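In: kindly return the folded structure for what I paste below:
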Amino acid sequence: MQILHVSAECYPMAKAGGLADVVGALPKYQNKIGHHAQVVMPMYKTNFLQKNLWDVVHKGAISFGGSNLEFTIIKERSNGLGFNLYCVDIYGLLDREKIYGYDDDNQRFLAFQLAVVEWISNWQQKPEVVHVHDYHAGLIPFFMRHCYDYRNLSNIRTVLTIHNAQYQGWMDWAFTKFFPAWDNWKAGLIEWNSQINPLAAAIKCADKVNTVSPTYMKELMYNANGLETLFEYEKGKCSGIINGIDYEVWNPETDPFISDNFNSDNIQQKENNKIKLCKDFGFDVEMPLIIFIGRLVGEKAADLLAEAISRAFEQTNKKFNVLILGSGEFHIEQQLKNMHERWLGYYHSRFEYNEQLSHQMYAGSDFLLMPSRVEPCGLNQLYALRYGTIPIVRRTGGLNDTVVDVGDNGYGICFNNATIDDIVYSVHRAIHLYQNKPLIEIVRKKMMTINNSWEKSAQDYIDLYHSIYR
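Out: Below you'll find the model as predicted:
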């Protein structure tokens with residue numbers, strides 16, 4: 001099949017979260033099983049852009065709010081990613097250092113989507129499936145079906161993958177001035193709660209909709225930031241496909257980012273990674289090391305970390321260490337920063353994005369804490385399992401689908417509520433488990449043999465595409 005993925009992020013070109021990891025791996029594995037998958041995304045000024053060679057493959061223009069907006073499509077020359085990567089360059093709109101966070105983000109992603117649709121309309125051999133990811137590409141199925149200039153795209157099948165339904169891209173009706181001529185009778189397809197809602201539009205217009213875990217799809221029926229009734233209405237075309245991880249990137253046996261490589265047969269080498277990590281941050285290597293990696297936001301329950309960790313330190317007489325890596329809301333960062341002096345020698349945090357350090361943390365820690373309020377799939381727990389680091393997770397979304405509690409003959413520590421009490425109790429369980437060395441080695445070996453690669457998930461997506469044609 002000819003597949004085009006459209007996304008705001010793709011690793012290693014630009015990454016803000018798990019969306020980039022998925023879009024950077026899924027097409028590669030789809031190509032490995034015999035299909036032709038490609039990715040198109042905005043051109044940001046990133047290190048990857050500067051360090052690689054690019055070819056101009058298309059130049060075009062779109063009408064945008066009464067102006068003629070020129071765009072260029074460039075292609076990464078080496079094809080070293082395992083798929084063709086295209087970027088849309090629109091001077092002054094997309095060529096910025098950050099992915100998100102600008103006042104004109106709505107205009108930026110509208111222009112990106114229209115440029116993509118205009119580009120596809122000029123293809124001689126058009127894709128069989130246009131696979132859009134999250135709201136940043138959510139209006140593309142509507143544009144392809146209901147804009148007069150793009151009637152030649154109306155028969156192409158479209159799939160929407162929702163990585164996080166909390167973000168929907170709401171915009172005022174005034175933004176229709178940027179749309180190409182469209183069938184005004186179809187206004188209901190882009191409207192939700194009296195606004196233009198790109199995510200809702202994609203749910204209504206795409207041929208198939210999936211989320212990144214079965215449990216998350218069920219949760220959206222009652223917790224979807226206002227779209228609950230829409231998911232209920234459209235449930236016949238909705239499903240959940242659990243994410244995989246790229247076993248070429250996340251492989252403790254070959255990972256260039258970690259100090260000592262290891263596998264399930266010589267898992268004792270994992271201890272050397274812990275020694276390195278503890279030396280770097282001044283921790284006692286004999287104590288269990290718990291890490292948190294991710295965005296410091298309410299969705300991840302990061303606002304509970306400072307109080308929960310402090311309470312657990314007090315109750316256990318500081319019998320464990322904690323290392324946090326991430327960035328996010330200012331007040332959460334300040335809470336976590338203020339803990340440094342109080343828990344010196346037991347706690348440390350870094351407020352940054354650091355790919356190399358994150359790999360070393362997965363390789364060198366004993367436990368990964370994920371108390372998320374919302375976790376559509378979660379990739380961090382899958383990375384942890386791959387590196388023999390036991391996940392401590394709340395039973396929600398993909399965490400519920402991928403982690404089984406040690407009490408049920410599994411390989412993780414699970415709890416039900418995103419509360420301080422549940423987190424503290426789970427830390428107590430982790431410390432108790434750590435003291436049982438024979439059991440913890442069995443658990444580590446078990447988790448490292450689980451296959452969470454993209455191979456199965458890539459085929460599940462191909463099956464989803466084929467189901468549209470039945």
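In: domain parsing of this structure, as residue ranges.
Out: 2-245+455-469, 264-451 (automatic domain parsing).
In: spatially nearest residue to residue 44 (excluding sequence neighbours)?
Out: What sits nearest to residue 44 in space, not counting adjacent residues and going by C-beta to C-beta, 6 or more residues apart in numbering, is residue 14, at 5.0 Å. All C-beta atoms are positioned from the backbone trio N, CA, C, and that covers glycine.
In: next, the one you found: phi, psi?
Out: phi -160, psi 130 (degrees, to the nearest 10).
In: count of neighbours near it?
Out: 24 (other C-beta atoms under 10 Å).
In: so what's it bridging to?
Out: Residue 14 has these beta-bridge partners by DSSP bridges: residue 10.
In: contact partners for it?
Out: 20, 41, 42, 44, 46, 48, 99 (C-beta atoms under 8 Å, 6 or more residues apart in numbering).
In: now do the same for it: its pLDDT.
Out: Looking at residue 14, its pLDDT is 96.
In: what's the neighbour count on residue 58?
Out: Residue 58 has 16 nearby residues by other C-beta under 10 Å.
In: that one: what's it in contact with?
Out: With C-beta under 8 Å, 6+ apart, residue 58 has these contacts: 72, 73, 119, 122.
In: can you do 6 Å?
Out: Taking C-beta atoms under 6 Å, 6 or more residues apart in numbering, we find residue 58 in contact with 73, 119.
In: now the one 10 residues further on
Out: Shown here is residue 68, whose contacts under the criterion C-beta under 6 Å, 6+ apart are residue 61.
In: what's the first helix or strand after whichever strand or helix holds it?
Out: Per DSSP states H and E: residue 68 is located in strand 67-76. For strand 67-76, the succeeding helix or strand toward the C-terminus, using DSSP H and E, is strand 84-89.
In: so which bits of the helix or strand that that next one is followed by are buried?
Out: Later in the chain than strand 84-89, the nearest helix or strand by DSSP H and E is helix 105-121. For helix 105-121, the neighbour count (16 or more other C-beta atoms under 10 Å) marks 105-121 as buried.
In: what's the average pLDDT for stretch 226-237?
Out: 97.
In: report the buried residues of the strand holding residue 68.
Out: Neighbour-count burial for strand 67-76, counted by 16+ other C-beta under 10 Å, picks out 69, 71, 72, 73, 74, 75, 76.
In: can I get these in TSV including distance to residue 177 and pLDDT?
Out: Shown next, in TSV, are the buried residues of strand 67-76 (distance: C-beta to C-beta, whole Å; pLDDT from 0 to 100):
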residue	distance to residue 177	pLDDT
69	13	96
71	18	98
72	24	98
73	25	98
74	28	98
75	31	98
76	34	98
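In: what strand or helix carries the residue nearest to residue 189 when sequence neighbours are not counted?
Out: Leaving out its chain neighbours, the residue that sits closest to residue 189 by C-beta to C-beta, 6+ apart is residue 204, at 5.0 Å. In the assignment (DSSP H and E), residue 204 maps to helix 198-205.
In: from residue 12, how far out is residue 80?
Out: 10 Å (C-beta to C-beta, to the nearest Å).
In: ugh, typo on my part, it should be residue 373
Out: Residue 373 is 29 Å from residue 12, by C-beta to C-beta.
In: quick check: closest non-adjacent residue to residue 277.
Out: Using C-beta to C-beta, 6+ apart, the closest residue to residue 277 is residue 364 (3.6 Å).
In: and if you look at residue 114?
Out: Per C-beta to C-beta, 6+ apart, closest to residue 114 is residue 62, 4.7 Å.
In: please look at the residue nearest to residue 189 and residue 190 and confirm they touch.
Out: No - assessed by C-beta atoms under 6 Å, residue 204 is found out of contact with residue 190, at 8.0 Å.
In: neighbour count winner among those two?
Out: It is residue 190, of residue 204 and residue 190, that has more neighbours when counted by other C-beta under 10 Å, with 26 against 22.
In: show me what contacts the closest residue in space to the more buried one that isn't next to it in sequence?
Out: Nearest non-adjacent residue to residue 190, counting by C-beta to C-beta, 6+ apart: residue 201, 4.3 Å away. Listed by C-beta under 6 Å, 6+ apart, the contact set of residue 201 reads 138, 139, 142, 189, 190.
In: residue 296 too?
Out: 302, 326, 328, 329, 332, 333.
In: go again with 8 Å.
Out: Residues near residue 296 by C-beta under 8 Å, 6+ apart: 302, 326, 327, 328, 329, 332, 333, 336, 351.
In: closest one of the buried residues of strand 67-76 to residue 146?
Out: residue 69 (20.6 Å; C-beta to C-beta).
In: touching, that closest one and residue 111? I think so.
Out: Yes - between residue 69 and residue 111 there is a contact under C-beta atoms under 8 Å: 6.1 Å.
In: what is in contact with these two at once?
Out: 62, 90, 93.
In: list the beta-bridge partners for the spatially closest residue to the second one that is not a sequence neighbour.
Out: What that stands for is residue 90. Leaving out its chain neighbours, the residue that sits closest to residue 90 by C-beta to C-beta, 6+ apart is residue 71, at 4.8 Å. Counting by DSSP bridges, residue 71 forms beta bridges with residue 60.
In: just the C-alpha atoms of stretch 68-76, please, in PDB.
Out: Coordinates of each C-alpha in stretch 68-76 appear next as PDB, following Å, rounded to 0.1, in the frame of the first residue of the first chain:
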ATOM      1  CA  ASN A  68      -0.900  33.900  -2.100                       C
ATOM      2  CA  LEU A  69       1.300  31.800   0.300                       C
ATOM      3  CA  GLU A  70       4.200  30.000  -1.400                       C
ATOM      4  CA  PHE A  71       5.500  26.700   0.100                       C
ATOM      5  CA  THR A  72       8.300  24.300  -0.700                       C
ATOM      6  CA  ILE A  73       8.500  20.600  -0.100                       C
ATOM      7  CA  ILE A  74      11.900  19.300   0.800                       C
ATOM      8  CA  LYS A  75      13.000  15.600   1.200                       C
ATOM      9  CA  GLU A  76      15.700  14.200   3.400                       C
END
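In: kind regards, and thank you for your time.
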